[in-house]
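J.: I would like to see how this sequence folds:
(one chain, ligands or ions: 1)
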Amino acid sequence: MDMDIQSIAVLTATLAASLLVYQKWAHYRGSGGLPYPPGPKPDPLIGNLRQIPRKKQWITYGEWKKVYGDVVYFTAGGKEVVVLNSAQVAVDLMEKRGAIYSDRDQHNMQKEIAQGKVIHFPFMKCTEEFNLHRKVVNTAFSIPASRKYQPCQEKEARGLLGRLLESPADYPKHIRRATGSIILTITYGHEVTTDDDALVKLNEEALAHNIVTFDPTNFLVNFIPWLKYLPAWAPGAGFKEYARVAREYGRMTADIPFDEVKSKIAAGTADSCYVTNLLAENGKLTGRNDEESIIKVTAGVLYGAGSDTTAMAIKAYLLAMLLYPDVQEKIHQEIENVVGQDRLPTFTDMDSLPYFHNSVLESLRWKPGAPIGIPHALQRDDVYDGMFLPKDAVIMANVWGMLHDEKTYPDPSRFWPERWDGRFPDARDPRTYAFGFNRRICPGRHLAFNSLLIILANVMAVFKIEKQRDEDGREVEPIYDLEEAELFMPFVECSITPRSPASVALIRSTMA
Ligand code: HEM
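T.: Prediction:
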């Protein structure tokens, strides 16, 4: 029997309404009658997709906090998302209940890249395999283990000074080379000696390609799962080729440097590094006979995770120095009083530089590198403050919002190292948020903080960071956006000049 248009419209409307009623019923039943956390009103079928901002989500989540409170719930493309908008909630859930709040959500694109077997632990769920990989990495980057890397960090800090002296305008490139070399030396004993080092190039290319896959909204297959059944040549299946290349980069960045170290071990020329030290354990670390492959794949993620993150934090600090010349002078004076003008700062000076130390802490608070961290996922249903939080929900900690909460950090947009001198006893150390939480907390945080200390102390000792001047000698106001993640920030122009002829001589003496 043919149906007229009116009947079709009535039937479609009835089906859509039934689906909505079913969704609401399933939602209610799943929660055992408890309310979900409040959140923006979803659209039928697509949830809150329209309301999710493409940029600076942390600012929008902060706005939502004013309306909905510290725990906000929304849905996106079939995913349930819970935003934690206060330090208290993050401590209560991410820390105290970290055993169930430390999973990762694996989206379809990641599964496509991994082809069923996720081998890089930052993307793994909290499985036994994940625990083993973390154990291996934690051993190598504990506080005492990280101290062993200090000579390498001091050396790279000195190398950076020389390059800044020669071409200061290229400072982002020089910073990346220093942070990349630190990771490659520590991981593979591979010191970077030229600007076009093949291993750096490979890792940078891999990172540029793979970083796009971290954001689930970049690929339609994350929202329309059946696309994965399309053959690779079909229209709409471009993600398959993208995934294949990502997989190949993953393989090369793990295999090439690892094989290089093994050849050096065989030749008796290998320097001590993450790979050699762990291989020397001979399987005792994990008790598994495939320990070597665990060492290889864990080594393969370190450059991607540790190089740019540290470089971004250094650039954020330099931006603060540009905008707060009085703070910069105070830091320089402190360093000069302790170190003098005849030598450069070393790690042994750090305990005598409290103002400088606090300025590094302040930069992690003022402009955190990962404003919403890396999302976690919830392993089982949970109830918090009378609200139902569903299993598999993506959990996002609004790190930016916590570190810019004016109740804890008065005048939060101001770069103010003095706030760490004890006058605000409730101000929590920004490292407790900026490096993530619990079982997922950044394993490289001690190494990273040490890199920041030694690199920045050296730069502050001998250079002055100032606004650029135009042809008429007028200061050029830097273009920057404090609320934007450093990752998306354009290059901030500034002038980096040695403080005195003595500074030049000191830098040159390290370049010989
Ligand atoms: C200033 C520099 C750095 C910052 C701000 C930073 C921040 C972070 C954050 C926010 C996370 C997510 C934690 C979570 O999910 O709760 C993370 C994870 C991670 N970081 Fe860092 N990181 C830095 C440097 C490093 C370095 C130097 C390394 C390597 C030596 C490293 C290795 C990793 C790894 C492997 C993970 C994944 C952990 C997991 O999923 O279990 N990071 N980092």
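J.: Quick check: phi and psi on the spatially closest residue to residue 88 that is not a sequence neighbour?
T.: Counting by Cβ to Cβ, 6 or more residues apart in numbering, the nearest residue to residue 88 once its immediate chain neighbours are dropped is residue 70, at 7.1 Å. Glycine gets a C-beta too; all of them are placed from N, C-alpha and C. Main-chain dihedrals, residue 70, degrees, to the nearest 10: phi -80, psi -20.
J.: mind listing what residue 70 touches?
T.: Listed by Cβ atoms under 8 Å, 6 or more residues apart in numbering, the contact set of residue 70 reads 84-86, 88-89.
J.: roughly how far apart are it and residue 61?
T.: Going from residue 70 to residue 61 by Cβ to Cβ, to the nearest Å gives 11 Å.
J.: Now do the shared contacts for these two.
T.: Counting by Cβ under 8 Å, 6+ apart, the shared contacts of residue 70 and residue 61 are residue 85.
J.: State which one residue of the stretch 51-200 of the chain is found closest to the ligand.
T.: The nearest approach of the stretch 51-200 of the chain to the ligand comes at residue 122, 3.7 Å away (Cβ to the nearest ligand atom).
J.: Chain neighbours aside, what residue packs nearest to that residue?
T.: Take residue 122 and drop its neighbours on the chain: the residue closest to it by Cβ to Cβ, 6+ apart is residue 301, 6.0 Å away.
J.: before we move on, which element is that neighbour in?
T.: Residue 301 belongs to helix 291-323 when assigned by DSSP states H and E.
J.: quick one: what helix or strand has the residue most central in space within the chain in it?
T.: Of all residues in the chain, the one closest to the mean position by Cα atoms, centre = their mean is residue 370, 4.8 Å from it. Applying DSSP H and E as the criterion places residue 370 outside every helix and strand.
J.: That one and residue 241: what is the separation?
T.: Residue 370 sits 29 Å away from residue 241, going by Cβ to Cβ.
J.: for residue 311, what are its contacts?
T.: Contacts of residue 311 (Cβ under 8 Å, 6+ apart): 172, 175-176, 178-180.
J.: Sorry, slip of the keys, the one I care about is residue 462.
T.: So residue 462 contacts 161, 344, 498-499, 503, 506-507 (Cβ under 8 Å, 6+ apart).
J.: for residue 243, same thing?
T.: Contacts for residue 243 were tallied using Cβ under 8 Å, 6+ apart; they are 109, 112-113, 213.
J.: element containing it, please.
T.: Assigned by DSSP H and E, residue 243 belongs to helix 238-267.
J.: and that helix, how far out from the chain's middle?
T.: On the basis of Cα atoms, centre = their mean, to the nearest Å, helix 238-267 sits 22 Å off its chain's mean C-alpha point.
J.: State the distance from the nearest residue to residue 249 once chain neighbours are set aside to the ligand.
T.: Closest residue in space to residue 249, ignoring its immediate chain neighbours: residue 206 at 3.7 Å, by Cβ to Cβ, 6+ apart. Per Cβ to the nearest ligand atom, to the nearest Å, residue 206 is found 15 Å from the ligand.
J.: thinking again about what came up before, next structured bit after the helix holding residue 243?
T.: helix 274-279.
J.: for the ligand, what are the nearby residues on the stretch 301-450 of the chain?
T.: Residues of the stretch 301-450 of the chain lying close to the ligand (Cβ under 6 Å from any ligand atom) are 301-302, 305-306, 309-310, 313, 369-370, 373-374, 376, 434-437, 440-444, 447-448.
J.: rewinding a little: which of the contacts of residue 462 sits closest to residue 259?
T.: residue 161 (33.5 Å; Cβ to Cβ).
J.: where's that closest one relative to residue 277, distance?
T.: Residue 161 is 29 Å from residue 277, by Cβ to Cβ.
J.: Could you check which of those two is surrounded by more residues?
T.: Remark: of residue 161 and residue 277, residue 161 carries more neighbours, 25 against 14, as counted by other Cβ atoms under 10 Å.
J.: wait, isn't residue 453 in contact with residue 347?
T.: Yes. Applying Cβ atoms under 8 Å, one finds residue 453 in contact with residue 347, separated by 7.5 Å.
J.: returning to that earlier point: how near is the residue nearest to residue 88 to residue 401?
T.: 9 Å.
J.: Generate a PyMOL selection restricted to the buried subset of the contacts of residue 243.
T.: To isolate the buried ones among the contacts of residue 243 in PyMOL, judged by 16 or more other Cβ atoms under 10 Å, type:
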select buried, resi 109+112+113+213
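J.: so can I have a markdown table of the contacts of residue 243 showing secondary structure?
T.: Output for the contacts of residue 243, formatted as a markdown table (DSSP: H, G, I helix; E, B strand; the rest coil):
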| residue | secondary structure |
| --- | --- |
| 109 | helix |
| 112 | helix |
| 113 | helix |
| 213 | helix |
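J.: Export the contacts of residue 243 as JSON lines, with columns for distance to the ligand and pLDDT.
T.: Shown next, in JSON lines, are the contacts of residue 243 (distance: Cβ to the nearest ligand atom, whole Å; pLDDT from 0 to 100):
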{"residue": "109", "distance to the ligand": "17", "pLDDT": "89"}
{"residue": "112", "distance to the ligand": "20", "pLDDT": "87"}
{"residue": "113", "distance to the ligand": "16", "pLDDT": "88"}
{"residue": "213", "distance to the ligand": "15", "pLDDT": "87"}
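J.: show me what contacts the residue nearest to residue 219 when sequence neighbours are not counted?
T.: Spatial nearest neighbour of residue 219, chain neighbours left out: residue 109 (4.4 Å); criterion: Cβ to Cβ, 6+ apart. Neighbouring residues of residue 109 by Cβ under 8 Å, 6+ apart: 213, 216, 218-219, 221-222, 239, 243.
J.: again, 6 Å this time
T.: Contacts of residue 109 were listed using Cβ atoms under 6 Å, 6 or more residues apart in numbering, and they are 213, 219, 221-222.
J.: farthest-separated two in these?
T.: Farthest pair in the contacts of residue 109 (Cβ to Cβ) is 213 and 221. Separation: 10.8 Å.
J.: Low-confidence ranges, the stretch 401-512 of the chain, go.
T.: Low-confidence segments of the stretch 401-512 of the chain (pLDDT under 70): 512.
J.: Which stretches in it count as helices?
T.: Using DSSP state H, counting those that start in this stretch, the helices of the stretch 401-512 of the chain run over 431-434, 445-462, 501-511.
J.: Quick one: the ones you listed as JSON lines, columns for distance to residue 131 too.
T.: Output for these, formatted as JSON lines (distance: least, Cβ to Cβ, whole Å):
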{"stretch": "helix 431-434", "distance to residue 131": "22"}
{"stretch": "helix 445-462", "distance to residue 131": "19"}
{"stretch": "helix 501-511", "distance to residue 131": "43"}
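J.: Return the most buried member of those.
T.: helix 445-462 (a mean of 23; mean count of other Cβ atoms under 10 Å).
J.: Can I get it in PDB, CA atoms only?
T.: Output of helix 445-462 as PDB, limited to C-alpha atoms (Å, rounded to 0.1, in the frame of the first residue of the first chain):
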ATOM      1  CA  ARG A 445      57.300  15.200  35.000                       C
ATOM      2  CA  HIS A 446      60.500  15.100  37.100                       C
ATOM      3  CA  LEU A 447      62.700  15.100  34.000                       C
ATOM      4  CA  ALA A 448      60.500  17.900  32.400                       C
ATOM      5  CA  PHE A 449      60.700  20.100  35.500                       C
ATOM      6  CA  ASN A 450      64.400  19.700  35.700                       C
ATOM      7  CA  SER A 451      64.700  20.600  32.000                       C
ATOM      8  CA  LEU A 452      62.700  23.800  32.600                       C
ATOM      9  CA  LEU A 453      64.800  24.700  35.700                       C
ATOM     10  CA  ILE A 454      68.200  24.300  34.000                       C
ATOM     11  CA  ILE A 455      67.300  25.700  30.600                       C
ATOM     12  CA  LEU A 456      65.500  28.800  31.900                       C
ATOM     13  CA  ALA A 457      68.000  29.600  34.700                       C
ATOM     14  CA  ASN A 458      70.800  29.600  32.000                       C
ATOM     15  CA  VAL A 459      68.700  31.800  29.600                       C
ATOM     16  CA  MET A 460      67.800  34.200  32.400                       C
ATOM     17  CA  ALA A 461      71.400  34.400  33.600                       C
ATOM     18  CA  VAL A 462      72.800  35.800  30.300                       C
END
